[in-house]
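Enquirer: I would like the atomic coordinates for the input below:
(chains A and B)
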There are 2 protein chains.
Amino acid sequence: MTGRATEQQPHALAEQNVARLGELAGLSADEFKAAFRNHAAGVAVITADAGDGPVGLTATSVFSVSAEPPLFVFSISGQSSSAPTIERAETVVVHLLGAHQLDVAKLFATSGVDRFADLSSWDRLITGEPFLPGAPSWIRGRIINRMEAGGSTVIAVHALASAVTPEHADATPLVYHNRTWHHIGEHSQITD
Amino acid sequence: MTGRATEQQPHALAEQNVARLGELAGLSADEFKAAFRNHAAGVAVITADAGDGPVGLTATSVFSVSAEPPLFVFSISGQSSSAPTIERAETVVVHLLGAHQLDVAKLFATSGVDRFADLSSWDRLITGEPFLPGAPSWIRGRIINRMEAGGSTVIAVHALASAVTPEHADATPLVYHNRTWHHIGEHSQITD
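Expert: Down below sits the predicted model:
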């Protein structure tokens, strides 16, 4: 149980952590995952095409940074099959998924399959990027900055165009938490 | 309804968006917020002390970037009262909040109050950072990189120490969506 502190003695165990792990090593992957297990996230699918075919991946790392200018970020692992294309792409489309799109979230998180095999499930914007018409909303943006972080890249995007699909505008969002999928709405709301 | 596309004709309206807004302008703040309204996020409180007193803020912008090395990011607006301290801090503590901490989330999102007035609600780690013992888990880390994005800064953190509080280890996470607070758990899980 190293790496975990009780509420009664967090100081002492935090000291053990720092001493044992050292400032350079940091947490082990297991300790890090255990600490982040409590964190929930909205689910998005990011698509792009750098000229040699569509790519797309499911991401729980999208967040809005600034509304004015309209900027958001996401991260992508260098291990992702989509990474080489995202590396070269100038623009991306981020789809914020509704709970009715669990199958889409799973498809774009599955390795070794053609995620664009079903031609009826996607289309292209006039600007060329692949997009998924079933999402409650999507945002097209231009990549304006990249920050390396370990084997991953954090990518900043300037939002250029968006659509909120009227029939899904009130869709409950899809949320991911501790390897399970959730939908939120009135049933999950905290009243106070 | 400019800026919104119907599912039936997303191409045509996306074209209008691009033409109307221009590549440089991007979405208006209202259009951007409307598109992001469907995105849910886990809730965290980030604390730091650069030598002149504790600061803390509620953030829905925390995500894990890499487990090995253990890295996460968050963003902070330059408008935040905590920004000058976070700018100078070498280390921060990120608390991933449980649904039982709605009052904490609200306190650290309220302007013009002393967020550390209740001395029983917080303590300091042996390394000096303020921390909130009631959180299901917290992670202490060193700031390793910063990326400017509009008036905000995206900050990358290397996780050095963490604690998962045993009595809150199975707490349901606090989630924020469209100006409402949610708790997720078995009641919100999607079964398939």
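
Enquirer: show me where chain A has its strands.
Expert: Ranges of strands in chain A, per DSSP state E, are A:41-42, A:44-48, A:55-59, A:63-67, A:70-77, A:91-96, A:123-124, A:130-131, A:137-149, A:152-164, A:174-177, A:180-183.

Enquirer: go ahead and confirm A:S66 touches B:S152.
Expert: Yes. Using Cβ atoms under 8 Å, A:S66 is in contact with B:S152, at 4.8 Å. Every residue, glycine included, has its C-beta placed from N, CA and C.

Enquirer: what residues are shared contacts of the two?
Expert: B:S77 (Cβ atoms under 8 Å, 6 or more residues apart in numbering or on different chains).

Enquirer: sorry, back to before: can I get the strands of chain A in CSV with mean neighbour count?
Expert: Shown next, in CSV, are the strands of chain A (neighbours: other Cβ atoms under 10 Å in any protein chain shown):
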stretch, mean neighbour count
strand A:41-42, 26
strand A:44-48, 26
strand A:55-59, 23
strand A:63-67, 21
strand A:70-77, 24
strand A:91-96, 25
strand A:123-124, 14
strand A:130-131, 22
strand A:137-149, 21
strand A:152-164, 24
strand A:174-177, 26
strand A:180-183, 20
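
Enquirer: okay if I get the ones you listed as JSON lines plus distance to chain B and mean pLDDT?
Expert: Shown next, in JSON lines, are the strands of chain A (distance: least, Cβ to the nearest Cβ, whole Å; pLDDT from 0 to 100):
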{"stretch": "strand A:41-42", "distance to chain B": "4", "mean pLDDT": "97"}
{"stretch": "strand A:44-48", "distance to chain B": "7", "mean pLDDT": "98"}
{"stretch": "strand A:55-59", "distance to chain B": "9", "mean pLDDT": "98"}
{"stretch": "strand A:63-67", "distance to chain B": "4", "mean pLDDT": "95"}
{"stretch": "strand A:70-77", "distance to chain B": "4", "mean pLDDT": "97"}
{"stretch": "strand A:91-96", "distance to chain B": "5", "mean pLDDT": "98"}
{"stretch": "strand A:123-124", "distance to chain B": "7", "mean pLDDT": "96"}
{"stretch": "strand A:130-131", "distance to chain B": "7", "mean pLDDT": "96"}
{"stretch": "strand A:137-149", "distance to chain B": "4", "mean pLDDT": "96"}
{"stretch": "strand A:152-164", "distance to chain B": "3", "mean pLDDT": "96"}
{"stretch": "strand A:174-177", "distance to chain B": "5", "mean pLDDT": "96"}
{"stretch": "strand A:180-183", "distance to chain B": "4", "mean pLDDT": "95"}
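
Enquirer: figure out which of those strands is closest to B:R146.
Expert: With Cβ to Cβ as the criterion, B:R146 lies closest to strand A:137-149 of the strands of chain A, at 8.1 Å.

Enquirer: list the neighbouring strands of that closest one plus their orientation.
Expert: strand A:91-96 (antiparallel), strand A:152-164 (antiparallel) (DSSP bridges).

Enquirer: and those as TSV, adding distance to B:N145?
Expert: TSV is the format used below for the strands paired with strand A:137-149 (distance: least, Cβ to Cβ, whole Å):
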stretch	distance to B:N145
strand A:91-96	21
strand A:152-164	9
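
Enquirer: ok, A:W122 to chain B distance?
Expert: Using Cβ to the nearest Cβ, to the nearest Å, we find A:W122 at a distance of 11 Å from chain B.

Enquirer: do I have it right that that residue meets A:F116?
Expert: Yes. If you go by Cβ under 8 Å, A:W122 and A:F116 touch, sitting 6.0 Å apart.

Enquirer: so what sits against both of those two?
Expert: Joint contacts of A:W122 and A:F116 (Cβ under 8 Å, 6+ apart) are A:P54, A:P130.

Enquirer: what's the neighbour count on the nearest residue to A:D52 once chain neighbours are set aside?
Expert: Using Cβ to Cβ, 6 or more residues apart in numbering or on different chains and skipping residues adjacent in sequence, the residue nearest A:D52 is A:T85, 7.3 Å away. Around A:T85 sit 22 other residues, with neighbours defined as other Cβ atoms under 10 Å in any protein chain shown.

Enquirer: also the one 4 residues further on?
Expert: Other residues within reach of A:A89 by the criterion other Cβ under 10 Å amount to 20.

Enquirer: again with A:R179
Expert: A:R179 has 6 nearby residues by other Cβ under 10 Å.

Enquirer: likewise for the one 10 residues further on?
Expert: Burial of A:Q189, expressed as a neighbour count using other Cβ under 10 Å, amounts to 13.

Enquirer: from B:W181, how far out is it?
Expert: 7 Å (Cβ to Cβ, to the nearest Å).

Enquirer: for A:R146, same thing?
Expert: Following Cβ to Cβ, the distance that separates A:R146 from B:W181 is 33 Å.

Enquirer: can you check A:S82 too?
Expert: For A:S82 relative to B:W181 (Cβ to Cβ), the value is 33 Å.

Enquirer: what's near enough to touch the residue nearest to A:A41 when sequence neighbours are not counted?
Expert: With sequence-adjacent residues excluded and distances taken as Cβ to Cβ, 6+ apart, A:A41 is closest to A:T60, at 3.8 Å. By Cβ under 8 Å, 6+ apart, the contact set of A:T60 is A:A41, A:G42, A:V43, A:A44, A:Y176, B:F63.

Enquirer: change it to 7 Å
Expert: A:A41, A:V43, A:Y176, B:F63 (Cβ atoms under 7 Å, 6 or more residues apart in numbering or on different chains).

Enquirer: pLDDT at it, what is it?
Expert: The model reports A:T60 with a pLDDT of 96.

Enquirer: also A:E167?
Expert: For A:E167, pLDDT reads 80.

Enquirer: wait, what's in contact with the nearest residue to A:V92 once chain neighbours are set aside?
Expert: What sits nearest to A:V92 in space, not counting adjacent residues and going by Cβ to Cβ, 6+ apart, is A:A48, at 4.6 Å. Going by Cβ under 7 Å, 6+ apart, A:A48 touches A:V55, A:T85, A:I86, A:A89, A:V92, A:E129.
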